[in-house]
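Chemist: any chance you can model this:
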Amino acid sequence: TVRVLYLSALYGDHTYIENKFLSICQAAEVFHRQFRGGEYMDSAKYDKEVLPLLISRIPTDLAAELSEVMRQRFEYLNEFSLGKRLKKLVSENKDIIVELVPEIREVIRAIVEARNRFTHFSAKQGHSDIGGEKILYYVYVLRMIVDLSVLKEVGVPPEVLRKAAIASELYRRIVRLKQR
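Modeler: Purely as a prediction, here's the structure:
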């Protein structure tokens, strides 16, 4: 659940900052999916009309394993990506977030790239050259995005959110980490 992922990301006994980063990425993604949706079209229509068409176009001469992987991926094509979900969450509190992280679009892109490198590691990419301080910065940015979205979801007024965010020592750390 979102609560477990979020609290684990913040307070879990993570040996590596990368684990904390992946947990907060997953918490943001699950929060958006549960509370905001995130499909390009109605899922019933996609499942009935689009998915069968995509599956029918898989070449029959492919290895069974590859065909199955393609089928599984087609099932999720209708869902928003992590990047799109983060952009949507940011847009809900854009004025606050941009004040603290003016380059939020680039940061979201970098967060998605980092998550993909850690999640879909390949020998071609080699080891990640993303330092621990950069990952910590991403964790703080993600936490701010999720915090503000959750608080908005429970009805905290925008003016209260803004005032609290600007006064937050945790969020000021984001600015200090970026300046390094």
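Chemist: low-scoring stretches of this structure, by residue?
Modeler: For the chain, the stretches flagged by pLDDT under 70 are 14, 122-128, 179-180.
Chemist: in it, which spans are helices?
Modeler: In the chain, the helices defined using DSSP state H lie at 2-11, 17-36, 43-45, 51-56, 64-75, 82-92, 94-100, 104-119, 132-153, 158-167, 169-179.
Chemist: could you measure Arg57 against Glu68, distance?
Modeler: Using CB to CB, to the nearest Å, Arg57 is found at 15 Å from Glu68. Placement of C-beta: from N, CA and C, glycine included.
Chemist: between those two, which is the more surrounded one?
Modeler: Comparing Arg57 with Glu68 by other CB atoms under 10 Å, the one with more neighbours is Glu68, at 12 against 9.
Chemist: and Ala27, what does it touch?
Modeler: 2, 5-6, 8-9, 142, 146 (CB atoms under 8 Å, 6 or more residues apart in numbering).
Chemist: make a PyMOL selection of the buried ones in those residues.
Modeler: Buried residues among the contacts of Ala27 (16 or more other CB atoms under 10 Å), as a PyMOL selection:
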select buried, resi 2+5+6+8+9+142+146
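Chemist: I am finished for the moment; much appreciated.
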